[in-house]
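Trainee: When you get a sec, could you give me coordinates for this:
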Amino acid sequence: MTSRPIVALRAGRQQRLTLLVGGGVTLGNFLFVLSGTESLLVAATVSGVTLLGLVRWRGDVVVSHALRALHLFTHSRFHAVQVRSHEDGVTINCRGERTVRTWCSSHRGRPDLSDRESEWWSDVLRRMSVGSIQGAGVSLSCHFRGFGTPQLATQGFELGEPWEIARLDVGVPEFGWMYETWKWVRTPEGFSRAYAVDDLAHLRGNLIAGLSDADERWSVHVHFVAHARQHALRRTRRSRHEATAASLWKVRHGRSVSPLLVTNEDVLRWHEEQVADGAALIDFRCYVVISTATLDQLATASQELTGIARRRGVRITVQHGQHARAVAASWVGVSPW
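Mentor: Sure thing, here's the model as predicted:
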């Protein structure tokens with residue numbers, strides 16, 4: 001059995017967009033063939049709207065913005081928050097209830113400056129892998145504020161050295177509600193805005209150290225979830241099929257297949273083979289959440305953060321219409337899934 005887990009960040013986005021383009025254009029052509037020249041306008045409209053929906057605007061495609069706006073404006077923008085702390089963990093009720101065990105490191109100082117950091121994180125992923133293979137619901141969240149010791153929360157497995165069970169005094173909300181708008185979240189303590197890390201291909205240096213803020217105006221939060229074996233097998237098989245279908249659609253329509261799409265298909269095929277051989281499949285998401293007292297401070301910090309991310313080679317996307325989920329995920333114990 002393969003012991004090395006596969007850790008993936010937002011896999012499969014490009015081939016899904018390609019399939020969406022193909023589906024929309026094909027539907028338009030089908031309507032044209034089915035109804036004749038009288039439906040030329042309908043066919044052109046369907047194809048045009050599909051292509052327009054895939055135009056990038058403010059960090060994402062138009063169709064994604066539209067779906068988020070629809071969800072935001074058809075659901076309540078107020079979210080109640082309830083917190084119950086325990087000696088070894090915390091229960092937070094916001095958009096669902098979740099209880100986790102919380103941990104702090106016995107190592108004093110920044111973990112990234114220790115020569116054992118790689119060993120510690122490898123052990124964490126190994127323990128997650130074992131838990132997922134045994135069929136347990138396994139997840140991990142890591143919360144970094146400033147350059148201090150990170151806080152961890154686990155569900156479904158235990159940690160080893162240097163992590164110790166601890167009751168946390170920070171990282172949990174002390175307010176009872178939040179109100180979500182398209183651009184930010186309002187709480188009794190101020191305003192928050194969330195960004196998601198979308199691409200690490202050009203990362204320069206350490207991600208966490210590079211994005212951390214010494215003044216703690218924003219914090220970095222990394223979430224991992226290990227899929228149960230059967231789900232991992234279905235997931236990798238479906239992702240590889242989507243990538244293959246996207247490439248075939250381009251070839252059949254006389255379009256060139258980009259090197260990125262070819263590489264992605266090869267990676268997904270390798271993922272499928274490794275999971276079939278016993279490797280665990282672990283998804284991760286990374287959020288950066290800004291929290292300030294005023295909107296002016298929020299705007300200033302946002303501009304500074306995006307500049308730092310650009311210089312570090314990290315692509316981040318503001319979570320328009322989804323700030324509440326990402327802000328909640330910045331609390332120890334809350335998952336973004």
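
Trainee: Pull the number of nearby residues for residue 306.
Mentor: When neighbours are counted by other Cβ atoms under 10 Å, residue 306 registers 17. Quick note: C-beta positions are derived from backbone N, CA and C, even for glycine.

Trainee: now it, nearest residue through space, not along the chain?
Mentor: In space, and not counting its chain neighbours, residue 306 is closest to residue 316: 6.8 Å by Cβ to Cβ, 6 or more residues apart in numbering.

Trainee: Now do the domain split for the protein, please.
Mentor: 6-54+229-276, 78-227+280-328 (automatic domain parsing).

Trainee: what's the span of the last one from first residue to last?
Mentor: Domain 78-227+280-328 has its terminal residues 13 Å apart, counting by Cα to Cα, to the nearest Å.

Trainee: what do you get for stretch 195-214?
Mentor: End-to-end distance (Cα to Cα), stretch 195-214: 18 Å.

Trainee: residues of it that come out buried?
Mentor: Residues 195, 196, 197, 198, 207, 208, 210, 211, 212, 213 are the ones in stretch 195-214 that count as buried (16 or more other Cβ atoms under 10 Å).

Trainee: what's the answer for stretch 299-314, then?
Mentor: 299, 301, 302, 305, 306, 308, 309, 312, 314.

Trainee: Which members of these occur in helices, if any?
Mentor: 299, 301, 302, 305, 306, 308, 309, 312 (DSSP state H).

Trainee: The third one is in contact with residue 193, isn't it?
Mentor: Yes - applying Cβ atoms under 8 Å, one finds residue 302 in contact with residue 193, separated by 5.9 Å.

Trainee: can you map out the helices along the chain?
Mentor: Under DSSP H, the chain gives helices at 13-35, 40-53, 62-73, 117-133, 207-211, 229-252, 259-276, 295-312, 323-328.

Trainee: shaky segments in the stretch 51-200 of the chain?
Mentor: By pLDDT under 70, the low-scoring segments of the stretch 51-200 of the chain are 51-66, 68, 71-72, 95, 108-115, 135-136, 168-171.

Trainee: Sketch out the strands for it, chain order is fine.
Mentor: 56-57, 60-61, 78-80, 82-85, 89-93, 97-105, 138-145, 151-155, 163-165, 177-180, 185-187, 190-199 (DSSP state E, counting those that start in this stretch).

Trainee: Pipe these into JSON lines and attach distance to residue 236 per row.
Mentor: Listed next are the strands of the stretch 51-200 of the chain as JSON lines, based on distance: least, Cβ to Cβ, whole Å:
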{"stretch": "strand 56-57", "distance to residue 236": "28"}
{"stretch": "strand 60-61", "distance to residue 236": "25"}
{"stretch": "strand 78-80", "distance to residue 236": "34"}
{"stretch": "strand 82-85", "distance to residue 236": "37"}
{"stretch": "strand 89-93", "distance to residue 236": "31"}
{"stretch": "strand 97-105", "distance to residue 236": "26"}
{"stretch": "strand 138-145", "distance to residue 236": "17"}
{"stretch": "strand 151-155", "distance to residue 236": "23"}
{"stretch": "strand 163-165", "distance to residue 236": "30"}
{"stretch": "strand 177-180", "distance to residue 236": "34"}
{"stretch": "strand 185-187", "distance to residue 236": "35"}
{"stretch": "strand 190-199", "distance to residue 236": "21"}
